[in-house]
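Visitor: how does the following fold in three dimensions:
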Amino acid sequence: MKIFRYYSSRLTIVSLSFLGTSSAFGVGTLSSRKGGILSSLSAGIAETNVQDSAVPYDAPAKLAYEGAGSPGAYATFKTNYEKDAVKDVIAKRKHRLSPSDDDASDAEDDENEVEDTKTILTSSTPPVIGDLQRKLNTRQKAYKNYLIAQNIALKLRPIYERNGKLDIYKPQFVYDQETEHLLKEIWNAEQEIKLRQANNMDTDIKSLRQKAQKEQEQIRQLARNEQDIDSLTKEKNDMISRLQSYQKQSYQHLMEKKQEINSINKEINNLAKKLYDKQRSDVEGLVSQLKDKQNELVTKEATITSLKSTLQEKDAILMKLQIERTSLRLLSRQVWKILKGRFQKCMPLPRRFTSFVRRKKVVDGKVNEQYQDEKIPVGTRNRMS
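Guide: Residues are numbered from 1 along each chain as shown. The predicted structure follows:
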C-alpha cells in the first residue's frame, strides 16, 4: 500500500505539473478522462489562458479560490466516517454470529473485525469518493466564480494598463492545505480504483482467458466430436446404402432363385406326373402281362399235368412192352435153342461155313453207327451169341 500511495502521489505531482506548463496539453490529457474529477478545473484553466508568472501552476496540488471551503472539515469528516463504518461492520458481523459463541471468542472477533475494517477503509476507498466529490464541488463553484471575475478583469485590462494599475489584474492565489489534501486523497482514490479495476480486469481477463481457453477446448472437442459424428454418420449412411443395395441385390437374387425353384418344381411336378403315368401304364402292362403269363402258366401246368399223366401211361405201356420184350427174348432164345438142337441133329453144317454178323463199335465212349462185318466161324457163333 505504501508503494502504491507513493507512486500515486508521484503521478499526481507529474500530472499537475503538466497542467502548468501547457494548457493545451492539459486539456488533451485530462479531457480524455471522461467523467474525471479534475476535468472541470483543467477546462477552466484552458479557457482563461492565464500566463502570469506569479500564478504557481507547478505546485503539487490543484489551485482553488482563497475563500472557498472550511479548514479542518475533511479531517473531521474522515474520522466520523471511519468510526461509523467500523461500528456498522461490527454490528453486521455480530448479527451474523450465532448466539452459542463464547464471550472470549466474541471479543477476539471484535478485535479482528476492527483490524479488518481498518484494512478495508485503507484499501477500499470507493465509498469516500462520493463525499470527497461533494466537498470538491464547493471549491469548483468558487473557482468558476473566480474565472468569471478574471474574464471581467481581462475585459478591463486596457483601462488598467493605461492607468498603470496592473497589480489589480494579477489574481491572488494562496495554498489551501485542506484542498491539497482533498485533491490528493481523491487522486489516490481514483488511482487505486483504477488499479483495482485493472487488477480485477486482469483477474477477470485471466479467468475469461481461462474460460475462453476451456471453451475453445470444448469447442474443439465439440468440433472433433462433430467431425467424428459426421464421419460416423457418413459411415452409417454408407453402411445403410450398402445394406440397402445388398438387400435389393439379395432380394433380386432371392426372387430369381425363387423363380428358378418354381420352374424346377413345375418341371419336377411334370416329370412326376409323367413318371406316374408311365409307371401306371407300365404297371398296368406288367399286370396284364403277368395275368397273361399266369394264364399261360396255368395252361402249361394243365398241359404238364396232362403230359405227366400221358407219360405215366406211356411209362406203364413201356414197362409192359419191356416185360413183353424180355419175355419174347427169353422165348426166342428158348425157341432158338430148341430149333438149333433140332437142326444140328437133323443136318449138321460144315465148319468152313462162316456167317457175317454186324456189331456196333464204341469209339471214345461214342457209338459208331458204322457197321463192320466180321467173319466168325460157324462153330464160334454160339459162343459169340
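
Visitor: how much space between E324 and R333?
Guide: 15 Å (C-beta to C-beta, to the nearest Å). All C-beta spots, glycine's among them, are computed from the backbone N, C-alpha and C.

Visitor: try S207
Guide: Taking C-beta to C-beta, one finds S207 at 165 Å from R333.

Visitor: same question, E301
Guide: 46 Å.

Visitor: next: R280.
Guide: Taking C-beta to C-beta, one finds R280 at 75 Å from R333.

Visitor: also Q289?
Guide: 61 Å.

Visitor: L318 now?
Guide: 22 Å.

Visitor: again with L286
Guide: With C-beta to C-beta as the criterion, L286 and R333 are 64 Å apart.

Visitor: repeat for D277
Guide: 79 Å.

Visitor: go on, E267?
Guide: 89 Å.

Visitor: pLDDT weak spots in the stretch 101-250 of the chain?
Guide: Within the stretch 101-250 of the chain, the segments meeting pLDDT under 70 span 101-132, 135, 139-140, 142-144, 146-147, 149-150, 153-154, 156-183, 201.

Visitor: now do 50
Guide: Residues of the stretch 101-250 of the chain that meet the criterion pLDDT under 50 lie in 101-107, 109-127, 167-175.

Visitor: tell me where it has helices.
Guide: In the stretch 101-250 of the chain, the segments counted as helices under DSSP state H, counting those that start in this stretch are 103-123, 126-155, 157-163, 177-346.

Visitor: could the ones you listed go into CSV alongside mean neighbour count?
Guide: What follows is the helices of the stretch 101-250 of the chain, written out as CSV (neighbours: other C-beta atoms under 10 Å):
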stretch, mean neighbour count
helix 103-123, 12
helix 126-155, 15
helix 157-163, 11
helix 177-346, 12
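
Visitor: pLDDT at E313, what is it?
Guide: Looking at E313, its pLDDT stands at 91.

Visitor: over to E260?
Guide: 89.

Visitor: same thing with the one 4 residues further on?
Guide: Model confidence at I264, given as pLDDT, is 90.

Visitor: likewise for N49?
Guide: pLDDT, N49: 35.

Visitor: contacting residues for G341?
Guide: The contact partners of G341, by C-beta atoms under 8 Å, 6 or more residues apart in numbering, come to none.

Visitor: distance check, it against V335.
Guide: Distance, G341 to V335, by C-beta to C-beta: 11 Å.

Visitor: and if you look at D315?
Guide: 29 Å.

Visitor: got it, and I229?
Guide: For I229, the distance to V335 - C-beta to C-beta - is 142 Å.

Visitor: next one: Q133
Guide: Distance, Q133 to V335, by C-beta to C-beta: 200 Å.

Visitor: again with Q216
Guide: In terms of C-beta to C-beta, Q216 sits 159 Å off from V335.

Visitor: cool, and H253?
Guide: In terms of C-beta to C-beta, H253 sits 111 Å off from V335.

Visitor: equivalent analysis for R325, please.
Guide: From R325 to V335 the distance is 15 Å (C-beta to C-beta).

Visitor: ok, now E313?
Guide: 31 Å.

Visitor: cool, and Q244?
Guide: 125 Å.

Visitor: repeat for Q197
Guide: 184 Å.

Visitor: likewise T203?
Guide: 176 Å.

Visitor: repeat for T310
Guide: 35 Å.

Visitor: same check, this time on R220
Guide: 153 Å.

Visitor: T326 now?
Guide: Taking C-beta to C-beta, one finds T326 at 15 Å from V335.

Visitor: try R329
Guide: Taking C-beta to C-beta, one finds R329 at 10 Å from V335.

Visitor: same check on Q259?
Guide: 105 Å.

Visitor: got it, and Q322?
Guide: 19 Å.
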